[in-house]
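Quick one: sequence plus predicted model below, questions after.
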Amino acid sequence: MKFESDGYQYEVAANGVIHQRNPKPFVYDPEYSAIYDTEAYRRSSDMLQYSRLTFASACHGRPIRSLIDVGFGNGAFLNTAKQMVESATGMDVTGVLVPDGCFQTERFFPVDCVTFFDVLEHIHDLHFVRYIPAETVIITLPYCHFHSKDAGKEWFDTWHHKKPNEHVHFFDLTSLTRFMHENDWDFVATSNMEDFVRKPRDHRQNILAAGFKKRN
């Protein structure tokens, strides 16, 4: 299924994931990361990062000894993770440095857990997901209600998370689970924990959090 929204072209894959067709490059730089340094964001950030770490540990099933946080932004989650995780590593394209006490990398290496907090929806080519060398993957991203009976394209047209060329993939729990299963990851748990901090604008869930374990 293909459709147009505000002049941009989208396609619904067989697994239910919605992809923007032919997205243009988007610039991620230190200025982009700085949007998370606002006073309003910092006030709620600590609660958010501890919630993320708690959810990741629960999905992993035991204390996390090593992790890679992909797209670490201003380093808020790494600052929290390093208090309890022996090896906290960050990967990002903005050029921002990781916080003191953390490591930085440009490629994956074996770890207990890899986290994608508001990141997966930005990456054009997602084929790498199959080859992540970790036991557990944690993902948070905007919850797309396109497939809900009372939503559809009309809802999508005005959705504040649509952000053409910045957000190029859109998931709900079913499509994310199917996508991950196709790439050898099994669903473990989901949560709406982030909505306690990042409040929904209506009755619908705003942010989807989900954990997955590597098959075999």
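That came in fine, so what should we check first?

Flag every buried residue along the helix or strand of the chain with the lowest mean pLDDT.
When each helix and strand of the chain is scored by mean pLDDT, DSSP states H and E, helix 30-33 comes last, with a mean of 81. Residues of helix 30-33 classed as buried by neighbour count (16 or more other C-beta atoms under 10 Å): residue 33. Every residue, glycine included, has its C-beta placed from N, CA and C.

For this structure, which residues score under the pLDDT cut-off?
35-43 (pLDDT under 70).

at 90 instead, please
Residue ranges of the chain with pLDDT under 90: 27-47, 95, 195-203, 216.

now the strands for it?
Counting by DSSP state E, one finds strands in the chain at the ranges 2-5, 8-12, 18-20, 66-70, 87-91, 103-104, 111-117, 134-142, 169-170, 185-191, 207-214.

can you list the residues that contact the first one?
Spelled out, that is strand 2-5. Contacts to strand 2-5, defined as C-beta atoms under 8 Å, 6 or more residues apart in numbering, come from residues 9, 10, 11, 12, 21, 153, 156, 157, 162.

follow-up on the earlier one: thinking in terms of the whole chain, how far from its middle is the least confident helix or strand of the chain?
17 Å (C-alpha atoms, centre = their mean, to the nearest Å).

which strands and helices sit next to it?
If you count contacts as 3 or more C-beta pairs under 8 Å, 6 or more residues apart in numbering; DSSP states H and E, helix 30-33 packs onto no helix or strand.

which of the contacts of strand 2-5 lies closest to residue 182?
If you rank the contacts of strand 2-5 by distance to residue 182 using C-beta to C-beta, residue 12 comes first, at 15.2 Å.

buried stuff in the longest helix seen in the chain?
When the chain is parsed with DSSP state H, its longest helix is helix 39-60. For helix 39-60, a neighbour-count test (16+ other C-beta under 10 Å) marks 45, 48, 49, 51, 52, 53, 55, 56, 57, 59, 60 as buried.
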